[in-house]
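dropping a prediction and its sequence here:
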Amino acid sequence: MKIAIVGTGYVGLVTGAGLAALGHHVTCIDKDATRVAKIAAGLAPFFEPGLDEIVADGAAKGTLASSTDVAGPVTAADVVLIAVGTPDHEGRIDLSQIESAASEIGAALRDKAAYTVVAVKSTVIPGTTDGVVLHALERASGKKAGPDFGLCMNPEFLREGSAVEDFTKPDRIVIGAIDPRAAEVFGRIYAKFDCPKPVISLRNAEFCKYASNALLATLISFSNEMAALCEATPGADVEVALDCVHLDRRLSPVIDGQRVKPGILSYIRPSSGYGGSCFPKDVAALRAFARDRGVDAELLNAVSAVNDRRTAAVLDLAEARIGAFKGKRVGVLGLTFKSGTDDLRHSPAVTLTEQIIDRGGHVTVYDPIATEIARNAFGDKVRYAAGALDAVNGADVTVIGTAWPEWSALNWAAVKSAMRGNFVFDARNSLRALSLDPGLVRIQIGAGA
Ligand SMILES: NC(=O)c1ccc[n+]([C@@H]2O[C@H](COP(=O)([O-])OP(=O)(O)OC[C@H]3O[C@@H](n4cnc5c(N)ncnc54)[C@H](O)[C@@H]3O)[C@@H](O)[C@H]2O)c1
């Protein structure tokens with residue numbers, strides 16, 4: 001099939017390159033000409049494991065093209081996906097990118113005779129696809145959604161850091177559709193996948209994405225509230241308590257005599273809070289959506305409040321053990337919002353670093369992938385290290401900002417020798433299974449002194 005994708009970020013490009021690898025002819029469209037030129041040259045414009053290979057392959061085979069022009073690729077396409085950003089604006093969803101993308105697509109449909117399905121892949125609040133999107137498409141095309149063109153909502157569940165794998169092995173492909181014809185044509189782009197493909201209403205498709213992210217954010221804030229209670233309780237360690245919680249067969253079932261540990265358990269762990277480009281904005285958008293409808297979303301309000309407090313809480317915990325950050329030399333290891341990505345958007349590690357600077361710490365940062373990108377976040381407020389040992393050189397405290405697996409391969413004796421102090425503040429509790437150099441003192445979160 002011929003597919004055009006408007007918006008070539010993490011979602012648009014992974015989906016585009018993935019669909020091209022399945023044999024479709026895909027054009028990825030973006031306003032960002034640098035991004036478009038890179039893809040045309042067979043290069044992924046950002047880091048995502050496995051993405052370089054499928055972008056290069058698609059560009060070489062001619063199944064993956066890129067363009068800054070919307071009209072041409074949309075005119076040629078059977079299916080058009082909208083994968084533009086839906087950022088937060090003062091605590092509610094900003095639909096301006098969605099509306100302008102839909103208008104541009106609509107204009108391209110005006111003189112097109114062939115039936116085309118337009119599908120929203122971006123995360124949008126319920127009522128957006130059959131509201132803002134439908135109206136913009138109808139206005140710009142002069143056509144009617146349903147009889148003249150199809151309209152679908154296909155929420156995206158990929159996780160940065162494993163996005164290509166998530167595309168290849170989806171848990172489910174949710175197809176919200178205005179009518180059966182749109183669902184049938186749209187479903188053809190995923191014909192090769194053998195997974196549940198529920199066909200539901202547009203609004204239910206929109207809602208399931210929010211419910212999914214709200215559940216995960218809730219589990220994280222629940223775990224962090226339990227962590228805060230343990231931090232206030234001498235002798236208590238939330239990791240030990242949660243290990244026991246995880247053993248409940250309803251959380252980790254025993255199948256054929258083997259205990260299965262589902263991925264969901266990784267959300268029931270203490271941390272310095274959730275972040276990234278999705279959870280904070282999606283929880284905020286859902287809270288605003290609730291307010292607009294007169295629904296008191298008390299739980300979501302608390303999920304957000306617990307998260308907002310968490311960075312300061314873990315830094316208070318660290319200062320109670322090691323003294324004030326003021327005047328201390330601090331080496332921060334890891335800046336991305338999770339390992340496996342170069343994405344710094346709303347990264348808890350960036351917030352943590354900013355607050356250490358605000359508290360008077362002199363910070364050097366290092367991230368296995370994103371040290372250079374971090375220059376946009378910190379400017380000249382920090383020193384940028386060439387490696388982990390360089391970052392901790394002369395430091396009083398080493399802070400683990402992101403749980404990169406690289407830290408387990410670090411030579412911790414060399415870390416000890418490089419540092420002038422001996423504290424390692426493990427803000428993600430990711431060094432728990434390691435035996436560090438005996439001269440180092442690991443400060444963990446979620447435990448009372
Ligand atoms: N990143 C994730 O992990 C993830 C996962 C699931 C869902 N989502 C959702 O998917 C959507 C996209 O997220 P993302 O992280 O890929 O965003 P992104 O910011 O990385 O990419 C969006 C792209 O759209 C482009 N764009 C905006 N308006 C355009 C227009 N009119 N024409 C052409 N290009 C345009 C921008 O230049 C940008 O490159 C969001 O709604 C997000 O909530 C993201």
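The structure has been received and is ready for your questions. Numbers count the residues shown, from 1 in each chain.

which bits of the stretch 1-150 of the chain sit near the ligand?
Counting by C-beta under 6 Å from any ligand atom, the residues of the stretch 1-150 of the chain lying close to the ligand are 6-12, 29-32, 35, 83-86, 97, 100-101, 104, 122-123. Using the backbone N, CA and C atoms, a C-beta is placed for each residue, glycine as well.

next one: the helix or strand harbouring residue 377 to chain centre, how far?
Residue 377 belongs to helix 375-378 when elements are defined using DSSP states H and E. Put simply, helix 375-378 sits 19 Å off its chain's centre (C-alpha atoms, centre = their mean, to the nearest Å).

any buried residues in it, and which?
By neighbour count with 16 or more other C-beta atoms under 10 Å, helix 375-378 contains the buried residues 377, 378.

tell me what it is packed against?
Helices and strands touching helix 375-378, by 3 or more C-beta pairs under 8 Å, 6 or more residues apart in numbering; DSSP states H and E, are helix 348-358.

pairing partners for the helix or strand just after the helix it packs on, with directions?
Next along the chain after helix 348-358, taking DSSP H and E as the criterion, comes strand 362-366. When pairs are called by DSSP bridges, strand 362-366 turns out to pair with strand 329-333 (parallel), strand 383-384 (parallel).

what sits up against the helix holding residue 377?
335, 344, 350, 353, 354, 357, 365, 384 (C-beta atoms under 8 Å, 6 or more residues apart in numbering).

make a ChimeraX selection of the buried ones in the residues of the stretch 1-150 of the chain next to the ligand.
Buried members of these, defined by 16+ other C-beta under 10 Å, are picked up in ChimeraX with:
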select :6,7,8,9,10,11,12,29,30,35,83,84,85,86,97,101,104,122,123
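
from the residues of the stretch 1-150 of the chain next to the ligand, which land in strands?
6, 29 (DSSP state E).

who touches the residue in the stretch 1-150 of the chain positioned nearest to the ligand in this structure?
Per C-beta to the nearest ligand atom, residue 9 is where the stretch 1-150 of the chain lies closest to the ligand, at 1.9 Å. Shown in contact with residue 9 (C-beta under 8 Å, 6+ apart): 30, 83, 84, 85.

would you turn those into a markdown table with pLDDT?
Shown next, in a markdown table, are those (pLDDT from 0 to 100):
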| residue | pLDDT |
| --- | --- |
| 30 | 98 |
| 83 | 98 |
| 84 | 98 |
| 85 | 98 |
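
what's the farthest-apart pair in those residues?
30 and 85 (10.9 Å; C-beta to C-beta).

between these two, which contacts overlap?
Joint contacts of residue 30 and residue 85 (C-beta under 8 Å, 6+ apart) are 7, 9.

what sits against the closest residue in space to residue 97 that isn't next to it in sequence?
For residue 97, ignoring the flanking residues on the chain, the nearest one in space by C-beta to C-beta, 6 or more residues apart in numbering is residue 84 at 4.0 Å. Residue 84 sits next to 6, 7, 9, 12, 97, 98, 101, 122 when contact means C-beta under 8 Å, 6+ apart.

circling back: just the ones of the residues of the stretch 1-150 of the chain next to the ligand in helices?
Cross-referencing those against helices under DSSP state H gives 10, 11, 12, 35, 97, 100, 101, 104.

which parts of the stretch 51-200 of the chain are helices?
Shown for the stretch 51-200 of the chain, the helices assigned by DSSP state H, counting those that start in this stretch span residues 51-61, 71-76, 96-109, 134-141, 163-168, 180-187.

let's have the ones you listed in a markdown table, adding mean pLDDT.
Listed next are the helices of the stretch 51-200 of the chain as a markdown table, based on pLDDT from 0 to 100:
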| stretch | mean pLDDT |
| --- | --- |
| helix 51-61 | 98 |
| helix 71-76 | 98 |
| helix 96-109 | 98 |
| helix 134-141 | 98 |
| helix 163-168 | 97 |
| helix 180-187 | 98 |
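
right, and these - which one's nearest residue 269?
The nearest among those, by C-beta to C-beta, is helix 163-168 at 20.4 Å.

which neighbouring elements make contact with the closest one?
Under the contact criterion of 3+ C-beta pairs under 8 Å, 6+ apart, helix 163-168 touches helix 10-21, helix 51-61.

not counting sequence-adjacent ones, nearest residue to the closest residue to the ligand within the stretch 301-449 of the chain?
The nearest approach of the stretch 301-449 of the chain to the ligand comes at residue 343, 7.2 Å away (C-beta to the nearest ligand atom). In space, and not counting its chain neighbours, residue 343 is closest to residue 160: 5.4 Å by C-beta to C-beta, 6+ apart.

quick check, pLDDT for the one you found.
The per-residue pLDDT reported for residue 160 equals 94.

would you check that it makes contact with residue 344?
No - with contact defined as C-beta atoms under 8 Å, residue 160 does not count as touching residue 344 (11.1 Å).

show me which helix runs longest in this structure.
Per DSSP H, the chain has its longest helix at helix 202-231.

give me the mean pLDDT for that helix.
The model assigns helix 202-231 a mean pLDDT of 98.

so how far is stretch 267-275 from its chain's centroid?
Remark: stretch 267-275 is offset 14 Å from the chain centroid, using C-alpha atoms, centre = their mean.

pLDDT on that stretch, on average?
pLDDT averaged over stretch 267-275 gives 97.

tell me who's in contact with residue 44.
By C-beta under 8 Å, 6+ apart, the contact set of residue 44 is 13, 17, 38, 51, 52, 55.

okay, now whichever residue of the stretch 151-300 of the chain sits closest to the ligand: neighbour count?
At 4.0 Å from the ligand, residue 156 is the closest residue in the stretch 151-300 of the chain, using C-beta to the nearest ligand atom. Applying other C-beta atoms under 10 Å, we find 23 residues neighbouring residue 156.
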